[in-house]
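Enquirer: any chance you can model this:
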Amino acid sequence: MFAQLAQTYLPELDSTLRRVVARLPAGVPGFGVMIRYALGWVDENDQPFNQPTGKRIRPILLLLCAEAAGGGWRTALPAAAAVELLHNFSLIHDDIQDNSPTRHKRPTVWKIWGRANAINAGDALFALAYCALEELAGALPLQTTFRIGNIFNATSLELTRGQHLDMRFESQPIVSVDEYVSMISGKSAALIAASAEIGALIGGQDEQTASQYAAFGLNLGIAFQIHDDLLGIWGDPEITGKSAATDILSRKKSLPVLYGLGHSEDLAALYRRETFTEADVQEAVSILNKLGVFEYTQKQEEKYYHQALDSLNRASPQGTAAERLFKLVDNLFKRTY
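Expert: I've put the predicted structure just below:
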């Protein structure tokens, strides 16, 4: 499914992204390479890099929604580029804040060029996102363009709200499931919701119908993150590319862990230890299994998955793009990586 979508949409999306990135100031040694590296186009020496560093799910979703809403997907390319650039801005800053040394099996931007340069590169991507959005001017009614700008601004604030909560939760002893869902609604789901809503508006839908697309994207994003939470503990290391129970070893407060901490003093006692041994990790997984946390988390994922489908059905998408949308959603929740 991803391969089919990539073949249809990615060549022109990539061209649009490259055109926007070409607006970077020229003649500044090393500046552009950080941006191109983050987007997966080059290695740290600015040489072509031909390995995938992301599936571009958000921009593809935007293009699909634009088409399913009755518009031409090529009209939506600047907006699709904008959400991808905004997403990569957030990843660079997240990696700094989370002290993450790798992403997509490569060193992160800050790990190669330092934190100060990485912050600056992230800021450049943020500015480029708005440069891309400017290209919608003249192609859409002024009111629609203004509405899309408002959504984009609100989404940028939601991303930072979600990241703030994620960082705060690291030192907050007790985090409720509701607080967690609020956090991932901002950090993980807001940009997916915006992608769907913006696509619908570009496709010519009214704000009421576009809001159904937004609800579809929000619930899709929440379910997507919960699925990642499952893989972070029970995923196959040969497929996910990271060791089993990585989220436990890093003490990440994912949904399974939060539910487990709320129902087991033994697990809470483990999490109060200064260091985790491999035996501690296995004991934690054993406790989660006995509590039925995998099944609980799966049910939560299914709840948001069905809410996403309900909203998408109410939006009444049309044509081949609608079929692709439903297939994409189905594939996202069958993925093992």
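Enquirer: after the helix or strand of the chain with the lowest mean pLDDT, next one along is what?
Expert: Least confident helix or strand, the chain: helix 237-240 with a mean of 65, by mean pLDDT, DSSP states H and E. Note on helix 237-240: by DSSP states H and E, the next helix or strand toward the C-terminus is helix 246-249.
Enquirer: so, low pLDDT: which residues of the stretch 51-200 of the chain?
Expert: Across the stretch 51-200 of the chain, the ranges flagged by pLDDT under 70 are 52.
Enquirer: repeat that with 80
Expert: The stretch 51-200 of the chain contains residues with pLDDT under 80 at 51-53.
Enquirer: hey, where'd the strands end up in it?
Expert: For the stretch 51-200 of the chain, applying DSSP state E, counting those that start in this stretch gives strands covering 102-103, 106-107.
Enquirer: out of these, deepest packed?
Expert: Among the strands of the stretch 51-200 of the chain, strand 106-107 has the highest mean neighbour count (mean count of other Cβ atoms under 10 Å), at a mean of 16. Every residue, glycine included, has its C-beta placed from N, CA and C.
Enquirer: given that one, what are its sheet partners and their directions?
Expert: Partners of strand 106-107 in the sheet, by DSSP bridges, are strand 102-103 (antiparallel).
Enquirer: what sits up against the strand it pairs with?
Expert: The contact list for strand 102-103, computed with Cβ atoms under 8 Å, 6 or more residues apart in numbering, reads 53, 91, 95, 108, 111.
Enquirer: just the closest of those residues to residue 183, please.
Expert: If you rank the contacts of strand 102-103 by distance to residue 183 using Cβ to Cβ, residue 91 comes first, at 16.7 Å.
Enquirer: quick check: mean pLDDT of stretch 34-41?
Expert: Stretch 34-41 comes out with an average pLDDT of 96.
Enquirer: in that stretch, what counts as buried?
Expert: When burial is assessed from 16 or more other Cβ atoms under 10 Å, stretch 34-41 yields the following buried residues: 34, 35, 36, 37, 38, 39, 40, 41.
Enquirer: residues near the closest residue to the last one other than its chain neighbours, how many?
Expert: Nearest residue to residue 41 in three dimensions, chain neighbours excluded: residue 49, at 6.3 Å (Cβ to Cβ, 6 or more residues apart in numbering). Neighbour count for residue 49, taken as other Cβ atoms under 10 Å: 17.
Enquirer: ok, now which ones touch residue 49?
Expert: Applying Cβ under 8 Å, 6+ apart, the residues near residue 49 are 37, 40, 41, 42, 43.
Enquirer: please name the residues that touch the second one.
Expert: Residues counted as contacts of residue 40 (Cβ under 8 Å, 6+ apart) are 49, 51, 52, 53, 54, 104.
Enquirer: what is the nearest of these to residue 154?
Expert: Once Cβ to Cβ is applied, the member of these that ends up nearest residue 154 is residue 54, at 23.7 Å.
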